[in-house]
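S.K.: Sequence and predicted structure, then a few things I'm wondering about:
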Amino acid sequence: MAGWIQAQQLQGDALRQMQVLYGQHFPIEVRHYLAQWIESQPWDAIDLDNPQDQAQATQLLEGLVQELQKKAEHQVGEDGFLLKIKLGHYATQLQNTYDRCPMDLVRCIRHILYNEQRLVQEANNGTSPAGILVDAMSQKHLQINQTFEELRLVTQDTENELKKLQQTQEYFIIQYQESLRIQVAAEEREHPQSLKRIKRADRRGAESVTEEKFTVLFESQFSVGSNELVFQVKTLSLPVVVIVHGSQDHNATATVLWDNAFAEPENLPGWNYTFWQWFDGVMEVLKKHHKPHWNDGAILGFVNKQQAHDLLINKPDGTFLLRFSDSEIGGITIAWKFDSPDRNLWNLKPFTTRDFSIRSLADRLGDLNYLIYVFPDRPKNEVFSKYYTPVLAKAVDGYVKPQIKQVVPEFVSASADSAGGSATYVDQAPSPAVCPQAHYNIYPQNPDTVLDQDGEFDLDETMDVARHVEELLRRPMDSLDPRLSPPAGLFTSARGSLS
């Protein structure tokens, strides 16, 4: 603050030179009320040519604005009210002026402090030839600064005008959209139009009026550039049916829906079915088997194979998605990411309604342990566990209950788990790998050993044996009495023996 106290003691031409240093870019009131804070800041430590010092310059600007606001808040009384308003205005003005380039603030204050110190030294040392030369240079610097200030003011005025234009443009857009909305609402409230005369074509055979389709021709005309260019546009509506009574509404609606639904009867490129056949198959399989999964967002659905690969390529191993098959009507396929020497993206042959009638989608996914995350990153069990079929209770009749499981031959080793001693029937997904099948000798190789070579088959005795066995099987296991066992030799005869 000592520098500002000395500067206040300048007189004559030195005082006028000091006053020229201040202006709208940096008011002298700011220098007066924040003298101690300004002189204590490291303005000379900032390199104006180093972009890395931009952050420090921003901090000094924020500190200057905060100090001005604090000074304004502490002003009380009648005189303090006006000063409070003025200091608050200066704080806003400096913030707007140097917010985009705080380095200019550093440059301005350094220039002011340097010239104040120079003027004080010259006043203390007296006038000398060297001092006169310095004064001439200072005058030129002051003129240059004044020119810069004038240019800045002109630029600021231009920016203000530009802001006003932008605000006017935004207001115009809002008013235009509002008027357009009112116009559309007015059109919606127009009375329904009716046909005054119906001209029908000759109908063939038993064709009903509800099967006859019409179209509405829309015409309009508009001009551009004071009627220099006139455009006439026309378009046809979708098919409509003209009826004369409400009782014809259902049949007419059926005609319109049918015409629109099958507007593209050609087959899809590369396939022997239309889009609507494929879409109907998708809707059918969703309605019968996968409505809960679709509602849960577990089925991605309408993506092709290439899009599925693009979505999974950067995902971790075990991430999979469910999509509708391109090649199978009503088919759902599984695409998943798993790195291997041969490939890293896999596609399972599509499942259809018949497959899901045998084993549900949730159970099939539960069998494939290497499928971990539902795209994009949802744990599989969190999504599908509530749809798993409960584990079968242990049999009480002595029989081992079989199970059906989904496997992929290439991943048998990766997904193999303990069967728990129960027989398992494997529902294998189609795969190019060859999986050998074992053959079990359930029946004797030579069926002739059932009868004696010299004997003949006795039908009456065989029927007696069958009736006795049926009687025994109908009784509970624990109620069988050894005394009721068939006599020895009942299952043999003089003519032959039964195996």
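M.R.: Arrived safely.
S.K.: Just list whatever residues bridge to residue 23.
M.R.: Listed beta-bridge partners, residue 23: residue 26 (assigned using DSSP bridges).
S.K.: by contact count, what packs against the strand or helix carrying residue 58?
M.R.: Using DSSP states H and E, residue 58 sits within helix 54-73. If you count contacts as 3 or more Cβ pairs under 8 Å, 6 or more residues apart in numbering; DSSP states H and E, helix 54-73 packs onto helix 28-33, helix 35-39, helix 77-98, helix 102-125. For glycine as for every other residue, the C-beta is placed from the backbone atoms N, C-alpha and C.
S.K.: show me what contacts the closest residue to residue 239 other than its chain neighbours?
M.R.: Spatial nearest neighbour of residue 239, excluding adjacent residues (Cβ to Cβ, 6 or more residues apart in numbering): residue 213 at 4.1 Å. Residue 213 is in contact with 239, 240, 241, 255, 256, 259, counting by Cβ atoms under 8 Å, 6 or more residues apart in numbering.
S.K.: List the neighbours of the helix holding residue 58 that are in contact with it.
M.R.: Contacts for helix 54-73 (Cβ under 8 Å, 6+ apart): 30, 33-34, 37-38, 41, 43, 45-46, 83-85, 87-88, 90-91, 94-95, 98-99, 102-103, 105-106.
S.K.: Pull out the buried residues from that helix.
M.R.: 56, 57, 58, 60, 61, 64, 65, 67, 68, 71, 72 (16 or more other Cβ atoms under 10 Å).
S.K.: Kindly report the same for stretch 39-54.
M.R.: Neighbour-count burial for stretch 39-54, counted by 16+ other Cβ under 10 Å, picks out 39, 41, 43, 46, 53.
S.K.: is it true that the third one touches residue 106?
M.R.: Yes: look at residue 43 against residue 106 with Cβ atoms under 8 Å: they come within range, at 5.8 Å.
S.K.: and the gap between residue 386 and residue 366?
M.R.: 11 Å (Cβ to Cβ, to the nearest Å).
S.K.: Kindly apply the preceding question to residue 156 instead.
M.R.: 70 Å.
S.K.: who has more neighbours, the two?
M.R.: residue 366 (19 against 13; other Cβ atoms under 10 Å).
S.K.: From the buried residues of helix 54-73, pick the one nearest residue 17.
M.R.: residue 64 (23.9 Å; Cβ to Cβ).
S.K.: May I have the predicted confidence score for that closest one?
M.R.: The score at residue 64 is 87. That number is its pLDDT.
S.K.: Roughly how far does it sit from residue 43?
M.R.: 11 Å.
S.K.: joint contacts of those two?
M.R.: With Cβ under 8 Å, 6+ apart as the test, residue 64 and residue 43 reach no residue in common.
S.K.: Give me the three-state assignment for the residue lying closest to residue 284 once chain neighbours are set aside.
M.R.: Sequence neighbours aside, residue 330 is the residue nearest to residue 284 in space, at 5.7 Å (criterion: Cβ to Cβ, 6+ apart). Under DSSP: H, G, I helix; E, B strand; the rest coil, the three-state class of residue 330 is coil.
S.K.: For residue 330, which residues are in contact?
M.R.: 281, 282, 284, 285, 352, 353.
S.K.: which residues does the second one contact?
M.R.: Think residue 282. So residue 282 contacts 301, 324, 330 (Cβ under 8 Å, 6+ apart).
S.K.: now swap in the fourth one and tell me
M.R.: Residue 285 makes contact with 330, 331, 332, 352, 353, 356 under the criterion Cβ under 8 Å, 6+ apart.
S.K.: Just the buried subset of those, please.
M.R.: 330, 331, 332, 352, 356.
S.K.: ok, so what distance separates the last one from residue 408?
M.R.: Relative to residue 408, residue 356 is positioned 17 Å away (Cβ to Cβ).
S.K.: which SSE is residue 322 in?
M.R.: Applying DSSP H and E, one finds residue 322 within strand 319-324.
S.K.: In terms of secondary structure, what does the helix or strand following that strand contact?
M.R.: Downstream of strand 319-324, the first helix or strand assigned by DSSP H and E is strand 332-337. Identification of packing neighbours for strand 332-337 by 3+ Cβ pairs under 8 Å, 6+ apart yields helix 305-312, strand 319-324, strand 345-347.
S.K.: Count the residues that sit near residue 221.
M.R.: 9.
S.K.: do the one 10 residues further on as well
M.R.: Here the number of neighbours of residue 231 (other Cβ under 10 Å) works out to 9.
S.K.: likewise the one 3 residues further on?
M.R.: By the measure other Cβ under 10 Å, the count of residues near residue 234 is 9.
S.K.: Let me know the pLDDT of it.
M.R.: In this prediction residue 234 is given a pLDDT of 92.
S.K.: check contacts around it.
M.R.: 217, 218, 219, 220.
S.K.: name the helices or strands packed onto the host helix or strand of residue 383?
M.R.: Using DSSP H and E, residue 383 falls within helix 380-384. For helix 380-384, the packing partners by 3+ Cβ pairs under 8 Å, 6+ apart come out as helix 361-367, strand 373-374.
S.K.: Now tabulate these in a markdown table and tack on mean pLDDT and distance to residue 163.
M.R.: Below are the helices and strands packed on helix 380-384 laid out as a markdown table (pLDDT from 0 to 100; distance: least, Cβ to Cβ, whole Å):
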| stretch | mean pLDDT | distance to residue 163 |
| --- | --- | --- |
| helix 361-367 | 84 | 59 |
| strand 373-374 | 88 | 51 |
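S.K.: Figure out which of those is closest to residue 79.
M.R.: strand 373-374 (71.9 Å).
S.K.: May I have the strands that pair with the closest one, each with its orientation?
M.R.: Counting by DSSP bridges, strand 373-374 is paired with strand 319-324 (parallel), strand 378-379 (antiparallel).
S.K.: Are any of the contacts of helix 54-73 buried, and if so which?
M.R.: Those of the contacts of helix 54-73 that meet the buried threshold are 30, 33-34, 37-38, 41, 43, 46, 83-84, 87-88, 90-91, 94, 98, 102-103, 105-106, by 16+ other Cβ under 10 Å.
S.K.: can you pull the buried residues of the following helix or strand past the helix holding residue 383?
M.R.: Next along the chain after helix 380-384, taking DSSP H and E as the criterion, comes strand 403-407. Of all the residues in strand 403-407, those buried under the rule 16+ other Cβ under 10 Å are 403, 405, 406, 407.
S.K.: just checking, what packs against strand 403-407?
M.R.: Going by 3+ Cβ pairs under 8 Å, 6+ apart, strand 403-407 lies up against helix 361-367, strand 424-428.
S.K.: got any ranges where the stretch 1-150 of the chain has weak pLDDT?
M.R.: 1, 126-136, 138 (pLDDT under 70).
S.K.: next helix or strand past the longest helix seen in the chain?
M.R.: Counting by DSSP state H, the longest helix found in the chain is helix 129-188. Using DSSP H and E, the helix or strand that directly follows helix 129-188 along the chain is strand 217-224.
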